[in-house]
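**Student:** can you look at this prediction? I've put the sequence above it.
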Amino acid sequence: MAKDFSEAIDEIMPLVQDGDNSTPFIICRNPGDPNSPWVVEYPYPAENAGERFKQRCETDPYAVIYRGADFDGGSFSYVHDKVLGQILRSEYYDYLWNGSHSESDKRRLNALINFAEDNIGAFSHTAVGYLMELDKPFASLDKFCPFNLATGHPGWVYNLSLMADAVDQIEQRIESEIAKQKGARKERGAKSSDGKMNMPGSAHIISKIELDGYVIELGENAGRPKPYYVDTGKDGKNIVTLRTESLPVALEAYSSQINVRAAALQREIDGKPPLAVLTSGHCLPDSKNADFTGKLVIVDAESLMPEYRSSESQIAHCTHGNGARPDAIGRSVFCKELYSGESVAYDRSAILGVADVSKLPQWAKAKLETRNEPQVKAQTKTAAPQKPARPEEKPSLLCELDAAIAEAAQIDERKGGSHTKKRGDMEVE
């Protein structure tokens, strides 16, 4: 049965949620039907799946084949983005194999495909829906991206500092392309409340909230028998899913899920020390540019999600990371929270400085006494200020190696399937 891309993903979700490992399916384009461009095919018997997939690739070189178990019970959004990422990568490989490219072009395209896989979830459903209507979405993404995201550093897959701007610019250019086709599209779909086109069969997020690592989403799939949905998930896996034809029912379920998570969060907060937000005034003077390695540091509350803006989430022991050094190329600072012992990672800009132990809350001082950490106790507010970074100096080979290792660790986390970030820009190991 032909369908749009979102409907194709919707069809396979029962197999994903069941963890089915016996039913292979192929997702590919449906040539000759622009109104229903996608199809899900189930080769039978399963032993013929490989041969049938080869046949499908003759008409659609970017076809993909999976089993439900390949997605480890992931949510709709996780499955959608993983399949889309594989389709884009298949086109990327095809583009490289069937053309002559300079080394600089290859680096640029490699940076773009990794950027796309990591950030596809940051694009609106409108932008993704538009790309998936095209025969060559990766080539169009290349056309819409105004930046060369490649870097000269061996440890960086793409330029992270351009990431947000690239998403924004690509979105704007896709919206401009859609506006050119506005007359034709008006007959096929209505505009959503944010002014973007809401095509039949496409998903539109009405409201979304993240609490304690849980993502609760209320949305609409236009043109379906049960268009409204509520998804609650954690770590990329759906825990509760509701589909209904009634918006009031969906709103009630959405509100109920928020209340459940809010109550759980309150119970967690009740077991923690009294609320106290730490600032740069709780740091040693002039320690913003210090080497944080082995030191107790204070995390900027503004870099954390609202429910974690308190001292028990702000005090952490820096264990390693290229970003721990002020003159390094990398930005990642890896730590262990003093309160929970949980491993976390931050961008260096999220660290206010080295903690002044004398100004910490009583619970933190008690923990330090219990742990008997002499290196932390040695931190005093009379510590000599550190020299600022000197970017004009060429980094040593050791710095470059450390940067590559830190960046590889971050990339492995993003590729590992976890789509939930507990606190703002921080990633949990």
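**Tutor:** Great, that's in hand. Numbers count the residues shown, from 1 in each chain.
**Student:** tell me where the stretch 51-200 of the chain has strands.
**Tutor:** Secondary structure of the stretch 51-200 of the chain (DSSP state E, counting those that start in this stretch): strands at 64-66, 190-191, 197-198.
**Student:** each with direction, which strands does the first one pair with?
**Tutor:** Same thing as strand 64-66. Strands that pair with strand 64-66, judged by DSSP bridges, come out as strand 25-29 (antiparallel).
**Student:** the helix or strand just after the partner strand packs against which elements?
**Tutor:** As assigned by DSSP states H and E, the chain's next helix or strand after strand 25-29 is strand 38-41. Here strand 38-41 touches strand 2-3, helix 5-18, strand 25-29, going by 3 or more CB pairs under 8 Å, 6 or more residues apart in numbering; DSSP states H and E. For every residue, glycine as well, the C-beta is placed using N, CA and C.
**Student:** next, the angle strand 25-29 makes with the second one.
**Tutor:** Yep, that's helix 5-18 we're talking about. Calculated by axes from the mean of the first three to the mean of the last three CA atoms, to 10 degrees, helix 5-18 forms an angle of 170 degrees with strand 25-29.
**Student:** so which bits of helix 5-18 are buried?
**Tutor:** Buried positions in helix 5-18, judged by neighbour count with 16 or more other CB atoms under 10 Å: Phe5, Ser6, Glu7, Ala8, Ile9, Asp10, Glu11, Ile12, Met13, Leu15, Val16, Gln17.
**Student:** check the last one too.
**Tutor:** Of the residues in strand 25-29, Phe25, Ile26, Ile27, Cys28, Arg29 count as buried by neighbour count, 16+ other CB under 10 Å.
**Student:** chain center to it: distance?
**Tutor:** From the chain centre to the centre of strand 25-29 is a distance of 25 Å (CA atoms, centre = their mean, to the nearest Å).
**Student:** chain center to the longest helix seen in the chain: distance?
**Tutor:** Looking across the chain with DSSP state H, the single longest helix is helix 247-270. Centroid separation between helix 247-270 and its chain, computed with CA atoms, centre = their mean, is 23 Å.
**Student:** and that helix, what does it pack against?
**Tutor:** strand 203-211, strand 214-221, strand 228-234, strand 237-244.
**Student:** on that earlier part again, which one among the buried residues of helix 5-18 gets closest to Ala345?
**Tutor:** Lowest distance from Ala345 to the buried residues of helix 5-18 (CB to CB) belongs to Val16, with 29.1 Å.
**Student:** okay, that closest one: pLDDT?
**Tutor:** We have a pLDDT of 91 for Val16.
**Student:** start the count at 51, not 1, going forward
**Tutor:** Sure, I'll start numbering at 51, so the last one becomes Val66.
**Student:** would you agree Val66 is in contact with His130?
**Tutor:** No - when contacts are counted by CB atoms under 8 Å, Val66 is not listed as touching His130 (10.7 Å).
**Student:** pLDDT on stretch 230-240, on average?
**Tutor:** 47.
**Student:** check stretch 365-376 too.
**Tutor:** Mean per-residue pLDDT for stretch 365-376: 90.
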